[in-house]
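# give me coordinates for this.
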Amino acid sequence: MSETDLLQDAVAALYSADPDQFVERRGDLAAAARGAGQAPVARQIAALRKPTRSAWVVNQLARAEPGFTSELTSLGEELRAAQESLDGAAIRELSQRRHRLIETLTRRAFEVVGQPQPPAALRDEVTATLGAALADPEVAGQVASGTLARPARSEGFGPGGPPELALVTSSGARGPVRAPRAPGPERTQTGTESRTRTRTQARAPRTERAARPSAAEHARAEQARAEQARAEREQRRQAGLAAAEQAAEEAARLADEASAAEHELERTVQTLEEQLADARSNLAETRNQARRARNRQRQAGQALDRLRG
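Predicted coordinates for the structure are as follows:
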């Protein structure tokens with residue numbers, strides 16, 4: 001068997017089995033690879049990370065229904081396109097489809113593992129991972145591999161769908177826009193001042209209509225700034241998550257290696273104990289043989305003495 005086949009078989013065996021058996025089986029498979037003269041493969045197997053329970057549930061869904069991630073990524077692309085075009089009707093319809101799809105896949109995942117009524121926390125992690133796969137093609141690729149080790153979470157479309165959009169009127173302004181009011185005169189009610197206010201009030205609708213395009217531009221600029229700020233926050237969050245994930249992966253890898261080394265050490269100790277028991281048994285038998293030999297030698301000497309006498 002080639003190194004690639006040996007590693008792939010080990011990965012399939014480990015990530016399809018119950019997580020509670022992962023460490024022990026990984027140690028056995030790594031030892032078998034070393035016994036077969038495949039030390040590099042043994043190291044790769046020993047470095048495989050034990051999946052959490054929720055990641056294992058998603059892995060079993062990926063193995064039972066390998067094509068489901070394409071449906072998630074396709075719907076995710078439609079949602080992103082609708083958000084970019086600010087198509088409110090499409091966003092609402094696609095958000096409902098997203099909710100139904102993730103609910104269906106979550107229910108199916110727990111059916112696959114024979115756990116139709118999972119704990120709420122476990123169900124939430126599976127749902128969040130499927131939502132992240134829909135929002136992020138990279139996560140979808142990890143999910144499709146069936147070797148996910150940790151649950152995933154993404155705020156791409158939020159926990160309940162894409163972000164709500166403000167209602168934009170046909171003129172482009174967000175709701176009614178008031179025209180700026182000119183400083184009013186003092187309360188000396190002269191005829192000229194009254195006529196001035198009348199003309200100002202008559203021009204107010206035209207001023208409001210003239211102000212609406214600038215209000216729409218202002219709203220778009222505010223939205224762009226908000227999007228930029230949100231993108232920067234998401235970038236910082238992703239960077240922090242990446243660093244935390246890397247640290248967690250390194251810690252998990254070291255823990256797994258320590259566990260594998262401990263398992264291997266236990267096997268070595270057991271072998272040495274068996275060898276020690278065999279050595280002690282052989283020593284006892286050798287001592288018995290030596291004692292019998294001395295007895296025979298003494299008896300032979302006594303017989304020789306009698307013959308001489």
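# and for the residue nearest to Pro66 when sequence neighbours are not counted, the neighbour number?
Residue nearest to Pro66 in three dimensions, not counting chain neighbours: Ala144, with 7.0 Å by Cβ to Cβ, 6 or more residues apart in numbering. Using the backbone N, CA and C atoms, a C-beta is placed for each residue, glycine as well. Neighbourhood size, Ala144 [other Cβ atoms under 10 Å]: 18.
# just say helix, strand or coil for Ala144.
For Ala144, the assignment made with DSSP: H, G, I helix; E, B strand; the rest coil gives helix.
# correct me, but it touches Leu61?
No - the criterion here is Cβ atoms under 8 Å, and Ala144 misses it with Leu61 at 10.3 Å.
# so what are the domain limits for this protein?
By the assignment in automatic domain parsing, the chain contains the domains 5-157, 209-309.
# avg pLDDT for the shortest one?
Spelled out, that is domain 209-309. The average pLDDT within domain 209-309 is 74.
# sorry, back to before: give me whichever of the domains of the chain is most buried.
Most buried of the domains of the chain, by mean neighbour count (mean count of other Cβ atoms under 10 Å): domain 5-157, with a mean of 17.
# who's in contact with the residue nearest to Pro66?
Ala144 makes contact with 62, 66, 69, according to Cβ atoms under 8 Å, 6 or more residues apart in numbering.
# quick one: the first one and Ala140 touch, right?
In other words, Ala62. No - Ala62 is beyond contact range of Ala140, at 10.2 Å (criterion: Cβ under 8 Å).
# any common contacting residues for those two?
Residues touching both Ala62 and Ala140 (Cβ under 8 Å, 6+ apart) are Thr69.
# and Leu122, how far is that from Ala64?
To Ala64, Leu122 is 18 Å away according to Cβ to Cβ, to the nearest Å.
# let me fix that, I meant to ask about Asp305.
For Asp305, the distance to Ala64 (Cβ to Cβ) stands at 89 Å.
# do Glu103 as well
As judged by Cβ to Cβ, Glu103 and Ala64 stand 17 Å apart.
# just Thr268 next, same as before
Taking Cβ to Cβ, one finds Thr268 at 39 Å from Ala64.
# same question for Ser145.
Ser145 sits 14 Å away from Ala64, going by Cβ to Cβ.
# check Arg43 too.
For Arg43 relative to Ala64 (Cβ to Cβ), the value is 30 Å.
# where do the strands sit along the chain?
In the chain, no strands are defined using DSSP state E.
# show me where it has helices.
When secondary structure is read from DSSP state H, the chain shows helices at 3-16, 22-35, 39-46, 53-64, 68-84, 88-112, 120-135, 137-145, 191-308.
# right, so of these, which gets closest to Ser154?
With Cβ to Cβ as the criterion, Ser154 lies closest to helix 120-135 of the helices of the chain, at 3.7 Å.
# what about that closest one, distance to the chain center?
Centroid displacement of helix 120-135 relative to its chain, using Cα atoms, centre = their mean, to the nearest Å, is 9 Å.
# what's that helix packed up against?
Other helices and strands packing on helix 120-135, by 3 or more Cβ pairs under 8 Å, 6 or more residues apart in numbering; DSSP states H and E, are helix 53-64, helix 68-84, helix 88-112, helix 137-145.
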